[in-house]
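S.K.: predicted model and sequence follow; I will ask about them next.
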Amino acid sequence: MCRRKESRSISPTSVSSPEGSKLCDAAQKGCEAICTELLRKLKSTSWCEVVDTLEEIPKVMDKFWNVITELRIADLLRQVTVHVDSPRSQVARTACVTLATILKNTNYTRKPDFYEAVTALLVKTSSFSRPVRRAANMALDDIVCSVDFTQAVTALCVHGVGHKSALVRCAAARLLVVCCAVGGGGRGLLRARPPSAAAARRFALRALAHLLEDRASDARKYAERLYMMLRPLANFEAYFLTDVDVEVASRQMKKFDQLLKLDSKDR
């Protein structure tokens, strides 16, 4: 079998014969050569060449996402994440788009590379440049809708909810709503197994409690929307009272359940 220990999954048809195995090996060698060249260009001192390379990655890698090794995914992620932090708006904007493309096509969520990538994008949601802010938000939308649900939720909670910037906290709150909407209207969040799902649930419910009392009104609005999504689910109350401080959880449930009743009467 031609798949290496660190490779992405390969179609069974590609390894079902000696000819298929040769083609697979050739594809992996081609991918390795392309990645080496891309990494070299990404380290260029010319920002114009860096932008061109960032724009080139989605095109040239389109045929290689299923054979790229995890080592090369990590290499590309680290180098592109560096450019997300660029003071040049064109470089940062393009890096945001490219970062989303890599994560969306590989579903790569290993620490610390995935968390660092998400953190860099979250920080850019508070950029002084509107195009960069827009690119970062759109990139995060693509990522949370494509990668493993529990890893996306955990990264947002750990690196976004407690950020000093209100714009970052607001972005994290909005993305948690998106995650839960995609995850079966919140059903994918309220799970006890596997351990990673339980950890994501605890992070998310504690983040919800924090955001419901956030100083920024936009962050609170998204938190209220998330509460309204989760509250009707049968196991929400038990988990909320378990994962969050009981006094805080009870107080918030009393307050926001009243708002839910008022909202339902208005309808």
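M.R.: Sure, I can see it.
S.K.: how about L122: what's its closest non-neighbour residue?
M.R.: With sequence-adjacent residues excluded and distances taken as Cβ to Cβ, 6 or more residues apart in numbering, L122 is closest to G160, at 4.7 Å. For the C-beta atoms, the positions are set from N, CA and C on the backbone; glycine is no exception.
S.K.: tell me the contacts of that neighbour?
M.R.: V118, T119, L122, V168, R169, A171, A172, L175 (Cβ atoms under 8 Å, 6 or more residues apart in numbering).
S.K.: number of residues surrounding the last one?
M.R.: This points to L175. For L175, the neighbour count with other Cβ atoms under 10 Å is 26.
S.K.: list the contacts of it.
M.R.: Residues near L175 by Cβ under 8 Å, 6+ apart: L140, D141, V144, A152, L156, G160.
S.K.: how much space between it and S126?
M.R.: 14 Å (Cβ to Cβ, to the nearest Å).
S.K.: what about stretch 171-179, average pLDDT?
M.R.: Stretch 171-179 shows a mean pLDDT of 96.
S.K.: which stretches of the stretch 101-250 of the chain form helices?
M.R.: Counting by DSSP state H, counting those that start in this stretch, the segments of the stretch 101-250 of the chain that form helices are 113-124, 130-144, 149-159, 166-182, 195-211, 217-230, 236-243, 246-266.
S.K.: with distance to L54 added, can I get those in JSON lines?
M.R.: Output for those, formatted as JSON lines (distance: least, Cβ to Cβ, whole Å):
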{"stretch": "helix 113-124", "distance to L54": "14"}
{"stretch": "helix 130-144", "distance to L54": "11"}
{"stretch": "helix 149-159", "distance to L54": "22"}
{"stretch": "helix 166-182", "distance to L54": "22"}
{"stretch": "helix 195-211", "distance to L54": "30"}
{"stretch": "helix 217-230", "distance to L54": "30"}
{"stretch": "helix 236-243", "distance to L54": "40"}
{"stretch": "helix 246-266", "distance to L54": "43"}
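S.K.: touching, R93 and N137? I think so.
M.R.: No - with contact defined as Cβ atoms under 8 Å, R93 and N137 do not form a contacting pair (11.5 Å).
S.K.: what residues are shared contacts of these two?
M.R.: Common contacts of R93 and N137 (Cβ under 8 Å, 6+ apart): none found.
S.K.: quick one: which of these two has more around it?
M.R.: Comparing R93 with N137 by other Cβ under 10 Å, the one with more neighbours is R93, at 25 against 19.
S.K.: where does the more buried one land on pLDDT?
M.R.: 97.
S.K.: can you check V15 too?
M.R.: 46.
S.K.: same check, this time on P194
M.R.: For P194, the pLDDT comes out at 90.
S.K.: ditto for the one 5 residues further on
M.R.: According to the predicted model, the pLDDT of A199 comes to 94.
S.K.: ok, now which ones touch it?
M.R.: T150, T154.
S.K.: try T119
M.R.: By Cβ under 8 Å, 6+ apart, the neighbours of T119 are A155, H159, G160.
S.K.: now do M253
M.R.: E237, F240.
S.K.: among the contacts of G160, which two are most distant?
M.R.: The largest separation in the contacts of G160, counting by Cβ to Cβ, is between V118 and R169 at 14.3 Å.
S.K.: the closest residue to R191 other than its chain neighbours: how many residues sit nearby?
M.R.: The shortest distance from R191 to any non-neighbouring residue, by Cβ to Cβ, 6+ apart, is to A197 (4.3 Å). For A197, the count of nearby residues is 19 (other Cβ under 10 Å).
S.K.: A197 contacts T150, correct?
M.R.: Yes - using Cβ under 8 Å, A197 makes contact with T150 at a distance of 5.0 Å.
S.K.: longest helix of the protein?
M.R.: helix 18-42 (DSSP state H).
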